[in-house]
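S.K.: build me a model from this:
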Amino acid sequence: MGRHSLPDPSAPESTGAHPGAFPRSFGPEPARGSRTRTVVIATAVVLAIAAGSAVALRSDLLPFGKPCDGESVRLRVFASPDIAPAIDKVATRARRNETRTDGKCLDVRVTSRASYEVADSLGQRPAKPGFQVWIPDSSLWVDRVGTESGTRLTAVAAIASSPIALGAVPSAAESLGWPHKTYSWSELTRAASTDDRLRLGVADPARSATGLLALARINASNAKAAKDANDSTDPEGDSDTRTAAAAKLLYERVADGDSQVLATLPRDGSGAEQGNPRRNQALLLSEQAAHAHNTGPDNGPDLDLFYPKDGTARLDYPYTLVDGDALNVDQTRAANRFMTLLGGSAGRRELREQGFRGGNGKAGAELTRAAGGRDPQPYTADPADPPSAKELQALLGMWTITVQSARIATVVDASASMGSAVPGSGGQSRMELAKNSLLQALATFTPEDEIGLWKFATALDGGKDYVELSPTSRLGDPGEHGGTHREDLAAAFSSLAPVPNGATGLYDTTLAAYEKACETYASGKFNSLVIVTDGANDDSSSMELEALVRKLKKLSDPKRPVPLIAIAIGPEADKSALDRIVAPTGGSAHRVNDPSQIHQVILKAIMTAGMKGPH
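M.R.: Below you'll find the model as predicted:
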């Protein structure tokens, strides 16, 4: 390319923007005149992209053919670390070739910065962001800044794209039937949970668009599977439970960010390295990340890619103007010019060599093969519809509360009525089904979680209606009998049995357990009290319901929240009283006719409580 090289005269490749999606402006509504200017800026860039460089050649805005006189226009670009090297190469070439904008040298300086960090900064509405263009790896970050009413952004078009897939080292891929066997997202995560040879890593969805979009696709796939099952009594048919279980599975091997999760792959092909429990055999990652791994030097075994058959998610790399109202004319034209360079043949080639698809998402055989894709994996299929900002926000809430360490005291009714047989259960009692379900719930918690157990029935311990069977402490801590607290707690759950002639001492027990939960509140954890009962308060000597509600309201502290989750088993349980009891704590009450559903209800209730606010 010569000293005064011209952009390719053909029209740039389609950016792949969805109809009506660009330009998009986010943030506080500006004054009428400012809004007009923002639209003009965005329109100028879009027209330059659509018309291509041939139009630029005939324009007075972008003159060519005269020596650069040294005067330049500085444009600062913040870009996602995966795409920043390619963007920087285009910018460096522009400086080397003295590419101009409006007769002035185009001086583009590219800074690599994690998208979540930039989004957090822009969400705080800084007075002077210090850069004019932002290229995050996904539009979801632009949307997030908009929902936070932060710095005003105008997403112009997608300059590149990359589908999200599951990459596996050859031994793990072969065990899953690659490349001929295809999976849905739900099936892939289930395979990862049942195959000990497949240790699956992911970047933290709170910091990674790849992680969050993958979680969104898992959730959508689970919802479809639940709908297809059409059986609401089947716990496996509950999409929320499935997604929460998948989140816990992913959290076991989560990494802070995209580069960190790639570092968890084996560094060589030796059996010892791949057998190292600290190494992952598979990752949820972008096709571009797999391409960079496979084509890079000394990165370990190449990855084979599974492309989920129910539609991939896609990173879309939006070219975004930052605070467009504050851009001067030179900066506006410089942003316009740089966009045409990225969309020109040289820019597209640079992005393609780095493993990126075009903005239209069209797959290239050479690129896909280098990344680890093979037929009949559906790598050419259109991506699924992107999740809404509201859906992503709910998923983030679910992720945060599901994987956050918890401190939960569980209080189980041991009155005589818990010995009643449940219809259709083969003669099993409410207590038998309840404790089996609680053991299932226990299995979903991590060693960092703090879980305890109380049981209650009238006059169970002298004048008290309750007794603590196992303290609320870390499941991974040493137990009292040589094992772990988890093992002690499992034994305590298994020992639960109805007390002959015992009645339901609900109110006094609830107050005592809630007082203890508030006294032992653990900062940085999700604190909660779970009460399981099949009856109404039968203790004539206990306080009245109104007095209990007043005391709970006084104990509740929004800064130290302890939501009370009540589960009413069967028709005799006093659901209306439980509704009154949980209200002042920010908790919830649920009725189940089948006690085997308890673990499912607990998990959903925890998710719901967690999404109401930070804990």
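S.K.: residue ranges of the helices in the stretch 401-550 of the chain, please?
M.R.: Counting by DSSP state H, counting those that start in this stretch, residue ranges of the helices within the stretch 401-550 of the chain are 430-443, 485-495, 506-519, 545-555.
S.K.: which one of those helices has the lowest average pLDDT?
M.R.: Comparing the helices of the stretch 401-550 of the chain by mean pLDDT, the weakest confidence falls on helix 430-443, with a mean of 90.
S.K.: returning to what we had before: can you redo the helices of the stretch 401-550 of the chain as a markdown table with mean neighbour count?
M.R.: Quick note: C-beta positions are derived from backbone N, CA and C, even for glycine. Formatted as a markdown table, the entries for the helices of the stretch 401-550 of the chain read as follows, by neighbours: other C-beta atoms under 10 Å:
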| stretch | mean neighbour count |
| --- | --- |
| helix 430-443 | 20 |
| helix 485-495 | 19 |
| helix 506-519 | 21 |
| helix 545-555 | 15 |
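S.K.: any chance of a markdown table for the ones you listed, columns distance to P129?
M.R.: Converted to a markdown table, the helices of the stretch 401-550 of the chain look like this (distance: least, C-beta to C-beta, whole Å):
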| stretch | distance to P129 |
| --- | --- |
| helix 430-443 | 46 |
| helix 485-495 | 48 |
| helix 506-519 | 44 |
| helix 545-555 | 45 |
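S.K.: of those helices, which approaches V562 most closely?
M.R.: helix 506-519 (4.9 Å; C-beta to C-beta).
S.K.: tell me the angle that closest one makes with helix 545-555.
M.R.: Between the direction of helix 506-519 and that of helix 545-555, the angle (axes from the mean of the first three to the mean of the last three C-alpha atoms, to 10 degrees) works out to 0 degrees.
S.K.: so how far is helix 506-519 off the chain centroid?
M.R.: Its chain's average C-alpha position is 34 Å from that of helix 506-519, according to C-alpha atoms, centre = their mean, to the nearest Å.
S.K.: who are the packing partners of that helix?
M.R.: Counting by 3 or more C-beta pairs under 8 Å, 6 or more residues apart in numbering; DSSP states H and E, the packing neighbours recorded for helix 506-519 are strand 406-413, strand 450-461, strand 464-474, strand 526-533, helix 545-555.
S.K.: in JSON lines: those, plus distance to A335.
M.R.: Shown next, in JSON lines, are those (distance: least, C-beta to C-beta, whole Å):
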{"stretch": "strand 406-413", "distance to A335": "47"}
{"stretch": "strand 450-461", "distance to A335": "52"}
{"stretch": "strand 464-474", "distance to A335": "53"}
{"stretch": "strand 526-533", "distance to A335": "44"}
{"stretch": "helix 545-555", "distance to A335": "56"}
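S.K.: among these, which comes closest to V322?
M.R.: The closest of the helices and strands packed on helix 506-519 to V322 is strand 526-533. By C-beta to C-beta, the value is 36.0 Å.
S.K.: average pLDDT across that closest one?
M.R.: Mean pLDDT, taken over the full extent of strand 526-533, equals 94.
S.K.: same thing with stretch 192-212?
M.R.: Stretch 192-212 shows a mean pLDDT of 86 in the predicted model.
S.K.: who's in contact with stretch 473-492?
M.R.: By C-beta atoms under 8 Å, 6 or more residues apart in numbering, the surrounding residues in contact with stretch 473-492 are 439, 442, 445-453, 469-470.
S.K.: most neighbours among the residues you listed, which one is it?
M.R.: Tallying neighbours with other C-beta atoms under 10 Å puts L453 at the head of the contacts of stretch 473-492, with 26 neighbours.
S.K.: and that one, what's its pLDDT?
M.R.: Per-residue confidence at L453 stands at 97 (pLDDT).
S.K.: and the closest residue to A191 other than its chain neighbours, what is it in contact with?
M.R.: Spatial nearest neighbour of A191, chain neighbours left out: L176 (6.1 Å); criterion: C-beta to C-beta, 6 or more residues apart in numbering. Going by C-beta under 8 Å, 6+ apart, L176 touches A168, Y183, A191, D195, L198, F306.
S.K.: dump those residues to TSV, plus secondary structure, neighbour count and distance to V73.
M.R.: Supplementary listing: the contacts of L176 in TSV, determined by DSSP: H, G, I helix; E, B strand; the rest coil; neighbours: other C-beta atoms under 10 Å; distance: C-beta to C-beta, whole Å:
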residue	secondary structure	neighbour count	distance to V73
A168	strand	29	47
Y183	coil	21	50
A191	helix	19	53
D195	coil	15	55
L198	coil	21	51
F306	strand	27	46
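S.K.: farthest-separated two in these?
M.R.: Of all pairs drawn from the contacts of L176, the one with the longest distance (C-beta to C-beta) is D195 and F306, at 13.1 Å.
S.K.: report the contact partners of A173.
M.R.: Taking C-beta under 8 Å, 6+ apart as the contact definition, A173 lies against P179, A282, L303, D304, F306.
S.K.: if you set the cut-off to 7 Å instead, what comes out?
M.R.: With contacts defined as C-beta atoms under 7 Å, 6 or more residues apart in numbering, A173 is in contact with D304.
S.K.: next one: phi and psi at it?
M.R.: Here is the backbone geometry of A173 (degrees, to the nearest 10): phi -60, psi -40.
S.K.: helix or strand right after the worst-scoring helix or strand of the chain on mean pLDDT?
M.R.: Here the helix or strand of the chain ranked lowest by mean pLDDT, DSSP states H and E is helix 53-57, holding a mean of 35. Elements were assigned by DSSP states H and E; along the chain past helix 53-57, the next helix or strand is strand 72-79.
S.K.: for the residue nearest to A191, give its distance to P170.
M.R.: With the distance defined as C-beta to C-beta, to the nearest Å, L176 ends up 11 Å from P170.
S.K.: can you get me a residue count around R96?
M.R.: Under the criterion other C-beta under 10 Å, the count of neighbours that R96 has is 11.
S.K.: meant to ask about G570
M.R.: 18.
S.K.: quick one: the host helix or strand of I598 to chain centroid distance?
M.R.: Mapping I598 onto the secondary structure by DSSP H and E places it in helix 598-610. Here helix 598-610 shows a centroid-to-chain-centroid distance of 18 Å under the convention C-alpha atoms, centre = their mean.
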